[in-house]
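**Q** Any chance you can model this:
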Amino acid sequence: MFKLSDEHVQLQQTFRDFAENEVKPLAKELDETERFPLETIAKMAEMGMMGLPVPEELGGSGIDQLGYILAVEELSKVCATTGIILSAHTSLCCWPIMTFGTPEQKEKYLKPLASGKKLGAFALTEPSAGTDASMQKSVAVLEGDHYVLNGNKVFITNAGAADVFIVFAMTNKELGTKGITAFILERDTPGFTMGKPENKMGLRASSTCELVFDNVIIPAENRLGDEGKGFKETPDRVLTGGPMMGIAQYTLDVTCIKGTNAVLCLTKKEAAPVVEEETCLRCARCVNVCPMHLTPVYMHLYAEKGMWKEAEALNVMDCIECGSCAYGCPAGIPLVQSFRTGKKLVRDAAAREKAKKEAAAK
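**A** Coordinates of the predicted model:
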């Protein structure tokens, strides 16, 4: 079974403490007012969180990808806006420059991004090109030592506060995705303007805006990677999954609280009943993590009540005692102990039944 290393557990706790103390208190207000949390960004920069997976020599903290994902997950548990801001900045802006940028680009753009002195954004989506990037209409035409960019982008996270943008445009429409090129664009570039922030249902303070390019001059030295290779320079979705994991974890934690209380009550770890048994059954989070696809929560309840025939019908004998169900419980209740108890009692009951039959036959 996968477990975090001691170092990662320590990192996780550090990020969790920061999220609880510095991010969570602002979450409700940010969601209501849609105010971009500049003060939180500054605090994250002080902690070295704005360039977690970036090597130290490039201005980052040099933490591995898992450590970075843990940070985004912990932030997103308490404030999805803050988690997505860090994810868009790091995974969508820092990572392409770190991976495909020239030494000069890394020095000029990546170092201030990784240190938190500047904020990054990623501009790929267009009104007619969401999941299908080949439908892009933004065009960059090479003219001597520079490109001329025209077009627009929509739903760009961090746009209202970002200093540096990774922008994608067609340099050869006939080649589809193989004709897309990536560029590094600075906020104050002439011809580059911003639309009003979107009024969103969620992630409301992350400043999601439209970008408009009207004959924007981009120096050829600001092309990121080779011409026509831009589509391959988009980040792996693993790098952008942290916010979703945090949001999902928070949702599970909230919906599982009553179920956890029910289990605590049933295991006599709390003196008074808290909720009905059915609430725990509706939770059943442990079912989702059982590698044998058993029903640990039912087994647990049956074992507590001595309902061994029902337990046996659930194939309790097949439990491999891996303990996944305990990890699946938001309170870490050792449900596997019920399986072990159930297995022993089922075996004992079967042995007694066999002995009775043999004695009767004699």
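
**Q** hey, where'd the strands end up in the stretch 51-200 of the chain?
**A** 120-123, 139-143, 146-156, 164-170, 180-186, 192-197 (DSSP state E, counting those that start in this stretch).

**Q** Counting by contacts, list what the second one packs against.
**A** Spelled out, that is strand 139-143. When contacts are defined as 3 or more CB pairs under 8 Å, 6 or more residues apart in numbering; DSSP states H and E, strand 139-143 packs onto strand 146-156, strand 164-170. Placement of C-beta: from N, CA and C, glycine included.

**Q** Of those strands, which stretch is the most buried?
**A** strand 164-170 (a mean of 25; mean count of other CB atoms under 10 Å).

**Q** Can you give the contact residues for that strand?
**A** Residues outside strand 164-170 that contact it (CB atoms under 8 Å, 6 or more residues apart in numbering) are 92-93, 96-97, 109, 113, 118-124, 133, 136-140, 147, 149, 151, 153, 156, 159, 179-187, 211, 213, 224, 230-231, 234.

**Q** Please indicate which of the residues you listed are buried?
**A** Taking 16 or more other CB atoms under 10 Å as the criterion, what is buried in those is 92-93, 96-97, 109, 113, 118-124, 133, 136, 138-140, 147, 149, 151, 153, 156, 159, 179-185, 211, 213, 224, 230-231, 234.

**Q** For the stretch 1-150 of the chain, which residues score under the pLDDT cut-off?
**A** Along the stretch 1-150 of the chain, the parts satisfying pLDDT under 70 run over 1.

**Q** What of the stretch 151-300 of the chain?
**A** Ranges of the stretch 151-300 of the chain meeting pLDDT under 70: 236-239, 251-300.

**Q** distance of the nearest residue to residue 93 once chain neighbours are set aside from residue 86?
**A** Nearest residue to residue 93 in three dimensions, chain neighbours excluded: residue 120, at 2.7 Å (CB to CB, 6 or more residues apart in numbering). According to CB to CB, to the nearest Å, residue 120 and residue 86 sit 10 Å apart.

**Q** for residue 241, same thing?
**A** According to CB to CB, residue 241 stands 13 Å off from residue 86.

**Q** the more surrounded of those two?
**A** Ranked by neighbour count (other CB atoms under 10 Å), residue 241 and residue 86 place residue 86 first, with 24 against 16.

**Q** tell me the contacts of the residue nearest to residue 93?
**A** 88-90, 92-94, 113, 158, 162-166.

**Q** do the same with residue 35
**A** Residues counted as contacts of residue 35 (CB under 8 Å, 6+ apart) are 29, 205.

**Q** so how far is stretch 71-91 from its chain's centroid?
**A** 7 Å (CA atoms, centre = their mean, to the nearest Å).

**Q** ditto for stretch 184-197
**A** That offset, for stretch 184-197, works out to 28 Å (CA atoms, centre = their mean).

**Q** what about it, start to end distance?
**A** This stretch, stretch 184-197, spans 22 Å end to end (CA to CA, to the nearest Å).

**Q** buried sites along that stretch?
**A** For stretch 184-197, by 16+ other CB under 10 Å, it's 184, 185, 189, 192, 197.

**Q** Surely the third one touches residue 218?
**A** Read that as residue 189. Yes - contact status for residue 189 versus residue 218: in contact at 7.4 Å, counting by CB atoms under 8 Å.

**Q** what separates residue 216 from residue 187, distance-wise?
**A** Counting by CB to CB, the gap from residue 216 to residue 187 is 12 Å.

**Q** what's the answer for residue 80, then?
**A** Distance from residue 80 to residue 187, by CB to CB: 25 Å.

**Q** again, but for residue 119
**A** In terms of CB to CB, residue 119 sits 9 Å off from residue 187.

**Q** what sits in contact with each of those two?
**A** Contacts common to residue 119 and residue 187, judged by CB under 8 Å, 6+ apart, are 162, 163, 164.
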